[in-house]
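Colleague: sequence and predicted model, in that order:
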Amino acid sequence: MFLQKLYTPRSIFVLALPVKVVINYNKKRIGKQMSSITDPSKVLAEILTTEKPWGRFIQYVLNQPVTVKVLEIHAGERVSYQYHHHRSELWIPLDEGACVRIEEEVIHPDPMEPVFIPQGAKHQLIGESQDYRILEIAFGHFDEEDIVRLDDKYGRV
């Protein structure tokens, strides 16, 4: 399926190492800036996982001008079906139950599975049977006025 290949990254983890190991999905070392706000392969390829004795952390951006939000989606609710002219978004589900519509495709990413929304792509978060949270990282010029609503259950089109 096209969207699963485009929006679902490969996973590489090095577990139980007593020393710091920094790896991204292409096995590059840390210190490189994110190359593009619109190319999902570049954004997803530069996600870094760093193993520590106490666990790990995942670095999504490094030294980039971004806006970061946590979206809370309630069961039975949805955000507008929309797109943006001036920004791309990286969504990371924090809980079970995420439902993402990109163009006409609906996917259910697992918690911590990044989903990249390219600039101009129509997208929507849908609350099905349970509440969930999404970490949103917006790349590019962030402005709430840069929402082109195509459909909205709350009458904001």
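Modeller: Cool, the structure landed. Numbers count the residues shown, from 1 in each chain.
Colleague: contacts and neighbour counts: CA atoms only from here.
Modeller: Fine.
Colleague: okay, and the beta partners of the residue most central in space within the chain?
Modeller: When CA atoms, centre = their mean is applied to the chain, the residue found nearest the centroid is residue 91 (2.1 Å). Here residue 91 sits in beta bridges with residue 115, residue 136, as judged by DSSP bridges.
Colleague: the chain should start at 24 in everything you say after this.
Modeller: All right, first residue 24 from here; so that's residue 114.
Colleague: find the nearest non-adjacent residue to residue 150, please.
Modeller: Spatial nearest neighbour of residue 150, chain neighbours left out: residue 98 (4.4 Å); criterion: CA to CA, 6 or more residues apart in numbering.
Colleague: secondary structure class for the one you found?
Modeller: For residue 98, the assignment made with DSSP: H, G, I helix; E, B strand; the rest coil gives coil.
Colleague: that one reaches residue 122, doesn't it?
Modeller: No. Counting by CA atoms under 8 Å, residue 98 does not reach residue 122; the two are 10.5 Å apart.
Colleague: these two: which has the busier surroundings?
Modeller: Shown here are residue 98 and residue 122; by other CA atoms under 10 Å, residue 122 has more neighbours (20 against 14).
Colleague: what sits against the more buried one?
Modeller: Residues in contact with residue 122 (CA atoms under 8 Å, 6 or more residues apart in numbering) are 129-132, 148-151.
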